[in-house]
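K.L.:
quick one, fold the following:
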Amino acid sequence: MAPGRYRFEGFLLDPRDRQLRLHDTRVELNARYLDALALLVSEQGRLVSKDRFLEEVWRGVPVTDEALTQCIRTLRRQLGDEAGRPRFIETVPKHGYRFIAAVERLDEEPAATPAPASAPPAAAARAGSLPVIAFLSVAGMAGGGAAGVLGGLFYGFVGASRPVQGGMGAASVLLVLVCLTALVGLIGGVGVAAGVASSGFASGRPGPWSIVGGALGGMIVGAAVKLLGVDAFNLLFGQTPGDITGATEGALLGAAVGLGAWLASRGPRSLPLRRSVAATALAGGVAGAVIPLLGGRLMGGSLDQLATRFPQSRLRLDQLGALFGETGLGPVSQIVTGALEGALFCAWVAAAMILARRSLSGGGWRALLDSASGPRS
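P.N.:
Okay, here's the model as predicted:
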């Protein structure tokens, strides 16, 4: 096995010092399993056959295939990996295993043989680099846009129950609301995702800073959207739309997305995708419910505020309030819709970012990342 140390997704493997660490925490592995991991990592992107494991790890000691299977199972558990959706160790049926995550080699000796050109280029995309951050931001934007479309459909069907005058029917109302909410979702998603990715999610060392980064990204985008929206309405209609969604709402939802990114990227303690997204949706739902209690408004409250400020508007959300015995969109209605909006937005943005990051760890989008990282050596 080649000497040196290796870093991958927050882990530091030092075969000479006989230890594996996740950030500052030592990950327990026995000597033989550590040798197996070192062999896999040193051959990053290349197939390691079962015979080679037996020769270099077990050193000719007769063992069954179950011993190797148990070794790989333990390594995956300690790395927080899954056999069905591998981020680190990929099974090549009937042949062996391959380490697929991006690896950075440290203290490499001059005599070391460089990896052949056919090795997977995932390592070319340095974790935390601008192309990776941009890629994750676009993924978050797509997730936010999807959540916006679903929210627009919901409010569109409610608000379109009273057709607009001048030949503008329910379909037109629905289309306008879907476009509006999708645009807000896209802007919010890219802002929050950029904050989360910049804070460390892209490099595999997110920690609590992902929460802070998501909150800052959401706060900046929320403040900018509110400022532009208020100025646009004041310029076009001579009056402001009132207290619409802004910095506070963006910060709370961004923090929830950051929490989901952190839960999905803690090495051995990482949650599976479904549980990470579920936890993010729960955090987003709580944040969305708290926002009206603090005097803020999400999309439903903002739409109701616009309808109130412009009496000639035919958009009404009274039907929602009626479900809770309220006239108009009252406090209870805003809490419920806020919780639904928060859960929907945060879950979609977090899921899109987690899937995008895992695709990078598995070598996906290689051509795009290679071209963005510069010419190949």
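K.L.:
the nearest residue to residue 290 once chain neighbours are set aside: what's it in contact with?
P.N.:
Spatial nearest neighbour of residue 290, excluding adjacent residues (CB to CB, 6 or more residues apart in numbering): residue 252 at 6.8 Å. Backbone N, C-alpha and C define where each C-beta goes, glycine included. Listed by CB atoms under 8 Å, 6 or more residues apart in numbering, the contact partners of residue 252 are 215, 218, 287, 288, 290, 291, 342.
K.L.:
likewise for residue 99?
P.N.:
Residue 99 neighbours (CB under 8 Å, 6+ apart): 40, 41, 43, 44, 45, 48, 88, 89, 90.
K.L.:
ramachandran coordinates for the third one?
P.N.:
For residue 43, the backbone dihedrals are phi -110, psi 30 (criterion: degrees, to the nearest 10).
K.L.:
check the fourth one too.
P.N.:
In this entry, residue 44 is assigned phi and psi values of phi -50, psi 130 (degrees, to the nearest 10).
K.L.:
surely it touches residue 104?
P.N.:
No. Counting by CB atoms under 8 Å, residue 44 stays clear of residue 104, with 9.9 Å between them.
K.L.:
and those two? which has more neighbours close in?
P.N.:
residue 44 (21 against 14; other CB atoms under 10 Å).
K.L.:
for that one, which non-adjacent residue is spatially closest?
P.N.:
residue 103 (4.3 Å).
K.L.:
and the one you found, what does it touch?
P.N.:
Residue 103 neighbours (CB under 8 Å, 6+ apart): 6, 7, 8, 41, 44, 123.
K.L.:
and what of residue 8?
P.N.:
Contacts of residue 8 (CB under 8 Å, 6+ apart): 41, 88, 101, 102, 103, 104, 204.
K.L.:
where do the helices sit along the stretch 251-377 of the chain?
P.N.:
273-293, 299-309, 318-323, 331-361, 366-372 (DSSP state H, counting those that start in this stretch).
K.L.:
mean pLDDT, distance to residue 66 and mean neighbour count added to the ones you listed, as TSV?
P.N.:
Shown next, in TSV, are the helices of the stretch 251-377 of the chain (pLDDT from 0 to 100; distance: least, CB to CB, whole Å; neighbours: other CB atoms under 10 Å):
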stretch	mean pLDDT	distance to residue 66	mean neighbour count
helix 273-293	88	29	21
helix 299-309	78	55	21
helix 318-323	78	58	16
helix 331-361	86	28	24
helix 366-372	44	34	15
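K.L.:
ok, residue 155 touching residue 307?
P.N.:
No. If you go by CB under 8 Å, residue 155 and residue 307 don't touch, sitting 11.0 Å apart.
K.L.:
shared neighbours of the two, anything?
P.N.:
Shared contacts of residue 155 and residue 307, counting by CB under 8 Å, 6+ apart, come down to residue 317.
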